[in-house]
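Asks: Need coordinates for the below:
(2 chains)
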Amino acid sequence: MGGSKNTKLVIDGKRVDGRTTDELRDIKIVTGVIPAADGSAFIEWGGNKILCGVYGPRECIPRHGASPYKATLKCRYMMSPFSSLEEHGRSGPSRRSTELSKVIREAFENVIILERFPNAQIEIYLDVLQADGGTRTASLTAATVALANAGIPMRDMVAAVAVGKADDILVLDLDKGEDNLGQSDMPVAMSMRDKKLLLIQMDGLLTREEIAEMLDMVENGCNKINTIQVDALRKHYENNGEDNFTW
Amino acid sequence: MGEETTDKIMAYVRRDVMNESLNKGIRFDGRKLEDYREISVQQSVIRTAEGSAVGKIGETQVLVAAKFDVVKPFPDRPKQGVMISNAELLPTASPTFEPGPPNENSIEVARVVDRAIRSAECVDLDSFYIEEDKVLGLFLDVYVLNHAGNYTDAATLAATAALLDAKMPKIEDGKIVRGEYEGNLNLTALPVTTTMIKVGNHWLIDPSQDEECVAETELTIGTTEKHVCAMQKGRGAVGKEELLDCIDMAFKKGNDLRTILKR
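Replies: Take a look at the predicted model:
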């Protein structure tokens, strides 16, 4: 957290990109974009472009990782080396991506009905092609759609968004500039029917009262995001899988 | 945590008995639901690092060493020092830890400890500037020495204690003069974490290894005196009101941990 004093991030209730404090960036989701995958989704969320592929349920490899009680869920979140405006990054997993893969997996373990597929594995691959802040929450949002597209049974849909603090003001859906220069960042994933928090992380300094308010902002945001998720799926099946998709 | 070990299977076998006991408000080791195990901190245990401490919570023991090096600053913060945290779940420390490159659990604990300390803004990284292209790098190495549950809280406790213990190295001609020091590292806040889990309908503070194995939900909350400085949910789901109750508990227990650090 930079907590920069020089750059104003919120002026008269408007943010650098013109949004109000509780406004989401534009979100577009298309499903069924990877014909080879069992399920897939592509999300454009502000400047983020993330591709999600889902495979399974299929035989768990290696076999010693299989459970006789339920499917093993595997998740790999990875940023491409060209996804940031700055330098060319390193290919492959990083400490950050390993952690995010873990927390995303732990979010979905709550909603996927894994008990139905003993000894099998279900894989979620998340490739961040272009990053502009909030990639883990955009990934979770896309993965929910891809899982539905794969026909994987779930108890609930998951929507996710980050909320944070910039210039001492609480703001929903931080972009990269707000995340880098802001004071605090709290990504949250929520199950849409019972409104449970499936992923919650936080850095920066916040009071209990601020967190309470932020959770309400997240819930409002997730309701809107969920509508976009449902629309993407509906559109896909209404058009018999012809989504007129272009990169 | 970790693979399906004998310990984990045994914990599942005992889960119903544990639940019955928790309904009466008693845990297997005799604690109440909101009790930590005995906590202690021992500082200056490693002479070769500028600061060090072992944090003990019950039988869980974690060593943190704070050691300085001269490093290049990050390009976007050329005047600021660097802090880097790493964690080792030593195979020495538990039959469930395996040798090999860092796995997701060791990466996670390192990043949670780092987040709590960094967010608390307790270390003045601006004071680590030496000269153009040279700043002090503060390396926090977390070594879990014995794992008996909740190494996260023991790690943050030991990390903050190690920083309290740390001396500033003497610098000459842009190099560290090893073994000579110039005052102490000033800490402006005392970040600690409080880990809690849910078993059945019960939230338990400071889970033992048995309790961790059967946890439905895991939650770690970092606090300073007035602020939440880190949160990390592991397994499971948590309600909004539940989370706020957990935050209240984290402040209460965090203050107890800070009292131990101030001694």
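Asks: The lengthiest helix in chain A near chain B at all?
Replies: For chain A, the helix with the greatest residue count under DSSP state H is helix A:208-238. Yes. Using C-beta under 8 Å from any C-beta of the partner chain, helix A:208-238 reaches chain B at A:Arg208, A:Ile211, A:Ala212, A:Leu215, A:Glu219. All C-beta atoms are positioned from the backbone trio N, CA, C, and that covers glycine.
Asks: B:Val238: what's its closest spatial neighbour, skipping adjacent residues?
Replies: In this structure, B:Val238 finds its nearest non-sequential neighbour in A:Leu197, 5.0 Å apart by C-beta to C-beta, 6 or more residues apart in numbering or on different chains.
Asks: name the helices or strands packed onto the longest helix anywhere in chain B?
Replies: What stands out as the longest helix in chain B, according to DSSP H, is helix B:240-262. Helix B:240-262 is packed against strand A:197-206, helix A:208-238, strand B:39-43, helix B:151-165, strand B:192-199, strand B:202-205, strand B:217-223, with contacts defined by 3 or more C-beta pairs under 8 Å, 6 or more residues apart in numbering or on different chains; DSSP states H and E.
Asks: buried stuff in that helix?
Replies: Buried residues in helix B:240-262, counted by 16 or more other C-beta atoms under 10 Å in any protein chain shown: B:240, B:242-243, B:246-247, B:249-251, B:253-254, B:257-258, B:261.
Asks: need the residues you listed in JSON lines with pLDDT, can you?
Replies: JSON lines is the format used below for these (pLDDT from 0 to 100):
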{"residue": "B:Lys240", "pLDDT": "97"}
{"residue": "B:Glu242", "pLDDT": "97"}
{"residue": "B:Leu243", "pLDDT": "98"}
{"residue": "B:Cys246", "pLDDT": "98"}
{"residue": "B:Ile247", "pLDDT": "98"}
{"residue": "B:Met249", "pLDDT": "98"}
{"residue": "B:Ala250", "pLDDT": "98"}
{"residue": "B:Phe251", "pLDDT": "98"}
{"residue": "B:Lys253", "pLDDT": "98"}
{"residue": "B:Gly254", "pLDDT": "98"}
{"residue": "B:Leu257", "pLDDT": "98"}
{"residue": "B:Arg258", "pLDDT": "98"}
{"residue": "B:Leu261", "pLDDT": "97"}
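Asks: thinking again about what came up before, report the buried residues of the longest helix of chain A.
Replies: Buried residues in helix A:208-238, counted by 16+ other C-beta under 10 Å: A:208, A:210-211, A:214-215, A:217-219, A:221-222, A:225-226, A:228-230, A:232-233, A:236.
Asks: So which residues of chain B form strands?
Replies: Ranges of strands in chain B, per DSSP state E, are B:39-43, B:51-57, B:60-71, B:82-89, B:129-131, B:134-146, B:167-172, B:175-184, B:192-199, B:202-205, B:217-223, B:228-233.
Asks: Out of those strands, flag the one nearest chain A.
Replies: strand B:228-233 (3.9 Å; C-beta to the nearest C-beta).
Asks: Give me the sheet partners of the closest one and which way each runs.
Replies: Each strand paired with strand B:228-233, and its direction, by DSSP bridges: strand A:197-206 (antiparallel), strand B:217-223 (antiparallel).
Asks: what angle sits between that strand and helix B:151-165?
Replies: Put simply, strand B:228-233 runs at 150 degrees to helix B:151-165, going by axes from the mean of the first three to the mean of the last three C-alpha atoms, to 10 degrees.
Asks: and strand B:228-233, how far out from the chain's middle?
Replies: Mean-position distance between strand B:228-233 and its chain equals 12 Å (C-alpha atoms, centre = their mean, to the nearest Å).
Asks: do stretch B:14-31 as well
Replies: 26 Å.
Asks: Give me the below-cutoff pLDDT ranges for the chain.
Replies: Using chain A here. By pLDDT under 70, the low-scoring segments of chain A are A:1-6.
Asks: look at chain B instead
Replies: Scanning chain B for pLDDT under 70 picks out the ranges B:1-8.
Asks: try 80
Replies: The model of chain B has pLDDT under 80 over residues B:1-12.
Asks: near chain A, which residues of it show up?
Replies: Contact residues (C-beta under 8 Å from any C-beta) of chain B with chain A: B:4, B:102, B:104, B:107-108, B:110-111, B:115, B:118-121, B:219, B:224, B:226-240, B:243-244, B:247-248, B:251.
Asks: Need the buried ones from these selected in ChimeraX.
Replies: In ChimeraX, selecting the buried portion of the residues of chain B next to chain A, with burial taken from 16+ other C-beta under 10 Å, looks like this:
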select /B:102,104,107,108,110,111,115,118,119,120,121,219,224,227,228,229,230,231,232,233,234,235,236,237,238,240,243,247,251
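Asks: Get me the contact residues on chain A for chain B.
Replies: So chain A meets chain B at A:1, A:3, A:67, A:95-96, A:98-99, A:101-103, A:106, A:109-110, A:184, A:186, A:191, A:195-208, A:211-212, A:215, A:219 (C-beta under 8 Å from any C-beta).
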